[in-house]
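Student: predicted model and sequence below, questions to follow.
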Amino acid sequence: MSVSGSVALVTGASRGVGKGVATALGAAGWTVYVTARGGTGPDDPLGQTISEIDAAGGTAVGVSLDHSDDNSVATLFGQIRAEQGRLDLLVNNVWASPKGFGGFSDKFWERPVSDWDTLITVGVRAHYVACVEAAKIMVPQGSGLMVNISSFGTRGHLHSVLYGMSKAALDKMAFDMAHELEGTGVAAISLWLGLIQTELLLSLGIEEFAGFRLDEAEHPQFVGRVIDRLWRDPSLLESNGHSLVTAELGASYGLTNNDGGLPKSHREPFGGGPLFPPA
């Protein structure tokens, strides 16, 4: 499938996975709307994402947005509808760290209950709200893909209780949305990412993190190339409602990291077996 005229929205795109996905989509020729809190000027993180998308050959539209504000989110989708007349891809990536959060070492009873307000309100509710608004555009046009950025935190303990809850919720969300989207031409899919070579991890000068080698981790742009290829896949609707591993999906598509290497799937370290939905 050609991406000519196709429109994507990547939430939380000022750094990390979101920035990598957005720039990879830009390189593939997408028109990409990107969101984050903060400004969109050339010196702002989101502004730098915009510049990289444009330099890669795509078209970028940056929107400063707080995804906990439902009205602002609805306004964004109204802007996309008015300016483009369509939306072909939603990548739900926005995430917020709890206030005062310095690492995932504290037990759940040692952390304030207000952690819920970021990890669940932004990490789950904002994704749901974006899917609601995206479906209002995609269902009438008869096509589209909604992607939740999830992780192996669904399978085993990873980082914190609320982190795992949020990722498991995203998988169930995609599964149930797929049930209600059946016959519309729109797909909802959750992606399980492994360790990612983010700017932060690379700046630490470490060789491994949580037992996984950093040189075998996924590049953020790799995730974007996987999503682009998934959208183009003529059998996309067969995966509607499923959770898929980006490293495995990329390998099946013949995709590699920026350095030509193949990132490692974390399926076996997290217990192996089927993903979601259950076999």
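Tutor: Cool, the structure landed. Residues are numbered from 1 along each chain as shown.
Student: do you have the helices of the stretch 101-250 of the chain handy? List them.
Tutor: Using DSSP state H, counting those that start in this stretch, the helices of the stretch 101-250 of the chain run over 116-119, 126-141, 161-181, 199-203, 220-232, 246-252.
Student: go through these and find the least confident stretch.
Tutor: Ranked by mean pLDDT, the helices of the stretch 101-250 of the chain bottom out at helix 199-203, with a mean of 81.
Student: and of the helices of the stretch 101-250 of the chain, who's closest to residue 33?
Tutor: With distances scored as CB to CB, the stretch of the helices of the stretch 101-250 of the chain nearest to residue 33 is helix 126-141 (11.3 Å). Quick note: C-beta positions are derived from backbone N, CA and C, even for glycine.
Student: return the most buried member of the helices of the stretch 101-250 of the chain.
Tutor: helix 220-232 (a mean of 24; mean count of other CB atoms under 10 Å).
Student: what does that helix rub up against?
Tutor: Helix 220-232 is contacted by residues 1, 3, 6, 16-25, 27-28, 30, 88-89, 91, 145, 147, 149, 189, 191, 193, 196-198, 236, 239, 244, 246, 249-250, 253, 255-258, 263 when judged by CB atoms under 8 Å, 6 or more residues apart in numbering.
Student: of the helices of the stretch 101-250 of the chain, give the one that comes closest to residue 64.
Tutor: When the helices of the stretch 101-250 of the chain are compared by CB to CB, helix 126-141 sits nearest residue 64, at 15.1 Å.
Student: what helices or strands is that closest one leaning on?
Tutor: Counting contacts by 3 or more CB pairs under 8 Å, 6 or more residues apart in numbering; DSSP states H and E, helix 126-141 packs against helix 70-84, strand 89-92, strand 144-151, helix 161-181, strand 186-193.
Student: nearest to residue 98, out of those?
Tutor: Across the helices and strands packed on helix 126-141, residue 98 has its closest neighbour in helix 161-181 (8.2 Å, CB to CB).
Student: mind listing what residue 86 touches?
Tutor: Applying CB under 8 Å, 6+ apart, the residues near residue 86 are 5, 7, 137, 141.
Student: cool, residue 117 as well?
Tutor: residue 98.
Student: name the surrounding residues that touch stretch 65-76.
Tutor: Against stretch 65-76 from outside (CB under 8 Å, 6+ apart): 9, 11-12, 33, 35-37, 63, 94, 121-122, 125-126, 129-130, 133.
Student: drop anything exposed from those.
Tutor: Buried residues within these, counting neighbours by 16 or more other CB atoms under 10 Å: 9, 11-12, 33, 35-36, 63, 94, 122, 125-126, 129-130, 133.
Student: tell me the two of these that are most distant?
Tutor: Going by CB to CB, the pair spanning those furthest: 33 and 125, at 20.1 Å.
Student: can you classify residue 19 as helix, strand or coil?
Tutor: Secondary structure for residue 19, judged by DSSP: H, G, I helix; E, B strand; the rest coil, is helix.
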